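*Asks:* Generate a structure from the sequence data that follows.
(chains A, B, C and D)
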Protein chains: 2
Amino acid sequence: MPDSTRQRRPFRREGPDLRRRELIDATLRVIASRGMDAATVRTISEEAGVTPGLIRHYFETKEDLLGAAYDQHMTTLIEMSQQAVEDASQPAVRRLARFVETTLSTPVTDPEALQLWAGFIQRVRRDEAMRRIHRTNYHSFLSCLEELISGALAARGRRPSPDDLKRLTIASNAVVDGLWLEGSALPEMLGPDELTSIALDAIGAILGLDGLNDDLRKELDK
Amino acid sequence: MPDSTRQRRPFRREGPDLRRRELIDATLRVIASRGMDAATVRTISEEAGVTPGLIRHYFETKEDLLGAAYDQHMTTLIEMSQQAVEDASQPAVRRLARFVETTLSTPVTDPEALQLWAGFIQRVRRDEAMRRIHRTNYHSFLSCLEELISGALAARGRRPSPDDLKRLTIASNAVVDGLWLEGSALPEMLGPDELTSIALDAIGAILGLDGLNDDLRKELDK
DNA sequence: CCTGTTGTTATTCGCCTGTATAACAACAGA
DNA sequence: TCTGTTGTTATACAGGCGAATAACAACAGG
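*Replies:* Sure, this is the predicted structure:
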């Protein structure tokens, strides 16, 4: 029974970019906290504080909204990683250690991040646009790591062949990915410090770089 | 417009265990090939060649069916891993190499396996029963790997402390997990041979075991 | 203050979902 | 051959989904 005396809900007009951004952020929040199943137009619009119809004013379909959300999420993650690395005045070994530490700490390593990742990876398989975003991001991450590894090895006077460098990078990336997975899925098992420490020991062994772990620890303690 | 002349669909009676198993297998096939979104009672029953109502005759809710499917899937994976390891007559180092190779080959490393994993991991977070299955499986996998590593190190006369052994196991497991992830998500990037080779080199470096890769390769060539 | 634009709400639609219930028929046992 | 059990089909229902449409109102430009 509708209440005919009820006023129409008041609202503010927002610039198109701001509102669009709000809808994307709300989408990511919903997926992260309640899973992809809960990400309906009604739930998302409620999270954003607007009515469901508004989503269709900014996105032609719900699929478009999800694509935009995935894109923004990935871009944010990449920027976060590269930010931890951009200070070229630091020694290469230390920049590598920082990169690993950032990836294995919140908010990158987090149950909600895993929820986002698992939700999106299912769509990646069937949606070409999402697959492109995924591939681009992966290569960007890998080449960032490769540059760091190359620099760290060069600082010790080592110049591996391109093929060897690629294999070392993939192996190091696997260590980070695997620990990210375990840290996100079972957060109570390993703290971020232990995660980082194990990762640095392992990557140090793979690359033949001793002191990777000590270097970071020294810096953190100061 | 219903066709009143249409006959009722004929059927065969199956023993309860067989039918139940068919429904679970159909569920896994649907999730693996078309994603968790497609796993509706209608799609699953069609895949199994029965009508939707039958699902409720064997499972109280759809959630129960998904839980049973997750349980069976995980059990199968564990048995597959342990099977690759059970031949105690082989040297410990070779058994470790075999374990890694099995995990990084189809059907364990496969886009469909990733689809299953991603679909279930979202439910793990909110369903206590699924979380228990998940945790149990993870520990089982880890302790299997720990035993192999312990044996391989002992064969070289090394006896690390329990804490060191645990850290080495977690790092080695991360290599396998990370490469499993990359091999499943981007199968065209790295073939199973390359995946295994990178994993064995990396784990060999982490554990300080040389020849892990050569050992397996020699055996495969013969 | 007035007016046009358009961001926003409200309402509706058809479809699909999981679940409930009743009718039916395959097979077992007599 | 008959009969009872129950595995299986058929049908119905309430609710939620994404999407379309129309009505409204906030703000900008005059």
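*Asks:* Close to DNA strand D: what parts of chain A are there?
*Replies:* Counting by C-beta under 7 Å from any atom of the strand, the positions of chain A adjacent to DNA strand D are A:8, A:10-13, A:39-43, A:52-53, A:56, A:61-63. Backbone N, C-alpha and C define where each C-beta goes, glycine included.
*Asks:* Highest neighbour count among those?
*Replies:* residue A:39 (22 neighbours; other C-beta atoms under 10 Å in any protein chain shown).
*Asks:* so it makes contact with residue A:29?
*Replies:* No - between residue A:39 and residue A:29 there is no contact under C-beta atoms under 8 Å: 9.7 Å.
*Asks:* Chain A: strands as residue ranges?
*Replies:* Ranges of strands within chain A: none, based on DSSP state E.
*Asks:* so where's it shaky on pLDDT?
*Replies:* A:1-6, A:219-222 (pLDDT under 70).
*Asks:* at 50 what do you get?
*Replies:* A:1-5 (pLDDT under 50).
*Asks:* Would you map the helices across it?
*Replies:* A:16-34, A:41-48, A:53-58, A:62-83, A:92-103, A:111-124, A:128-155, A:162-185, A:192-207, A:212-221 (DSSP state H).
*Asks:* List just the one of these that sits closest to DNA strand C.
*Replies:* Across the helices of chain A, DNA strand C has its closest neighbour in helix A:53-58 (2.7 Å, C-beta to the nearest atom of the strand).
*Asks:* for that closest one, packing partners?
*Replies:* Under the contact definition 3 or more C-beta pairs under 8 Å, 6 or more residues apart in numbering or on different chains; DSSP states H and E, helix A:53-58 sits against helix A:16-34, helix A:41-48, helix A:62-83.
*Asks:* how big is the angle separating the first one from helix A:111-124?
*Replies:* Here the directions of helix A:16-34 and helix A:111-124 differ by 110 degrees (axes from the mean of the first three to the mean of the last three C-alpha atoms, to 10 degrees).
*Asks:* Leaving out sequence neighbours, find the closest residue to residue A:27.
*Replies:* residue A:69 (4.4 Å; C-beta to C-beta, 6 or more residues apart in numbering or on different chains).
*Asks:* what about the one you found, neighbour count?
*Replies:* Neighbours of residue A:69 (other C-beta under 10 Å): 24.
*Asks:* any idea how far it is from chain B?
*Replies:* 16 Å (C-beta to the nearest C-beta, to the nearest Å).
*Asks:* do residue A:212 as well
*Replies:* Relative to chain B, and taking C-beta to the nearest C-beta, residue A:212 is found at 13 Å.
*Asks:* tell me the contacts of that residue?
*Replies:* A:93, A:96, A:97, A:200, A:201, A:203, A:204 (C-beta atoms under 8 Å, 6 or more residues apart in numbering or on different chains).
*Asks:* Kindly reformat the helices of chain A as a markdown table and extend each row with distance to DNA strand C.
*Replies:* Output for the helices of chain A, formatted as a markdown table (distance: least, C-beta to the nearest atom of the strand, whole Å):
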| stretch | distance to DNA strand C |
| --- | --- |
| helix A:16-34 | 4 |
| helix A:41-48 | 7 |
| helix A:53-58 | 3 |
| helix A:62-83 | 12 |
| helix A:92-103 | 35 |
| helix A:111-124 | 15 |
| helix A:128-155 | 21 |
| helix A:162-185 | 25 |
| helix A:192-207 | 36 |
| helix A:212-221 | 45 |
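*Asks:* and these as CSV, adding distance to residue B:87?
*Replies:* Listed next are those as CSV, based on distance: least, C-beta to C-beta, whole Å:
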stretch, distance to residue B:87
helix A:16-34, 44
helix A:41-48, 52
helix A:53-58, 57
helix A:62-83, 43
helix A:92-103, 37
helix A:111-124, 35
helix A:128-155, 37
helix A:162-185, 26
helix A:192-207, 28
helix A:212-221, 37
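*Asks:* Residues of chain A that sit close to chain B?
*Replies:* Taking C-beta under 8 Å from any C-beta of the partner chain as the measure of proximity, chain A contacts chain B at A:35-37, A:111, A:114-115, A:117-119, A:121-126, A:134-135, A:138, A:167, A:170-171, A:173-179, A:181-182, A:185-186, A:190, A:198-199, A:201-202, A:205-206, A:208.
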